[in-house]
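J.: can you look at this prediction? I've put the sequence above it.
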Amino acid sequence: MMINKRLIGMVSESKKYVAGNVTLQWCALAVNIAMIGAISHLLERLYRSSAGADDLLTTAVAALIAVAVRFGCSVGAARMGYLSSKAVKRKLREKIYGKLLRLGSAYRQQVQTSEVVQVAMEGVDQLETYFGAYLPQFFYAILAPLTLFAVLCFVNVPSAVVLLVCVPLIPIAIAAVQTWAKSCWAATGTSTPPWGTPFWRICRV
């Protein structure tokens, strides 16, 4: 998996925002499960012709509350993603600037000025997606199936097991693509994509 411990360690401040993002997404999932459960219960009572006005009102109120909570969780998760990317950009640009100050004008002997500007701007901006979206979604993608499995076990255990077994097929496919990509880079004689090399060279302390 594309979990760069070195990069995450450089910006440890972002961990709390990533955790908050994942927590809010999980809360939205839990609320959604509760809403679907309430609607399913109402449909069951309608099928059995035992539903009353109170059941319709209760389900409607529960659905409205669930939608409001999900909206709040979505806004909060987006906020956490923004704060995470903000911390990342500030920290990495400070490191790049500090490295240039230590090197002085001699940095031109190691890297071109245009390359420094590109890494400091575009290179760091690209990490916004990594910390603000990829990492939270990665951990949420692990937590969500386990949550659904635990809930579905109360409904139908065989179905829950089948769904849980099929979940790893997605990361397996991603890992297969990554392996193929690495083999392509290895065939060119480089271990990492070209854009990553100058970034680590500049940020290295």
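T.: Arrived safely, thanks for sending.

J.: now the helices for this structure?
T.: Secondary structure of the chain (DSSP state H): helices at 5-10, 14-47, 53-103, 113-118, 124-129, 135-152, 157-166, 169-187, 196-203.

J.: how about those helices in CSV, adding mean pLDDT?
T.: Shown next, in CSV, are the helices of the chain (pLDDT from 0 to 100):
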stretch, mean pLDDT
helix 5-10, 76
helix 14-47, 91
helix 53-103, 86
helix 113-118, 66
helix 124-129, 75
helix 135-152, 88
helix 157-166, 87
helix 169-187, 76
helix 196-203, 51
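
J.: can I get those helices in TSV with mean neighbour count?
T.: C-beta here means a position set from N, CA and C on the backbone, and glycine is covered the same way. What follows is the helices of the chain, written out as TSV (neighbours: other C-beta atoms under 10 Å):
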stretch	mean neighbour count
helix 5-10	12
helix 14-47	17
helix 53-103	16
helix 113-118	13
helix 124-129	16
helix 135-152	16
helix 157-166	12
helix 169-187	11
helix 196-203	16
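
J.: relative to L146, how far out is the residue of the chain most remote from its centre?
T.: Here the centre of the chain is the reference, and by C-alpha atoms, centre = their mean the most remote residue is S49, at 43.9 Å. Using C-beta to C-beta, to the nearest Å, we find S49 at a distance of 37 Å from L146.
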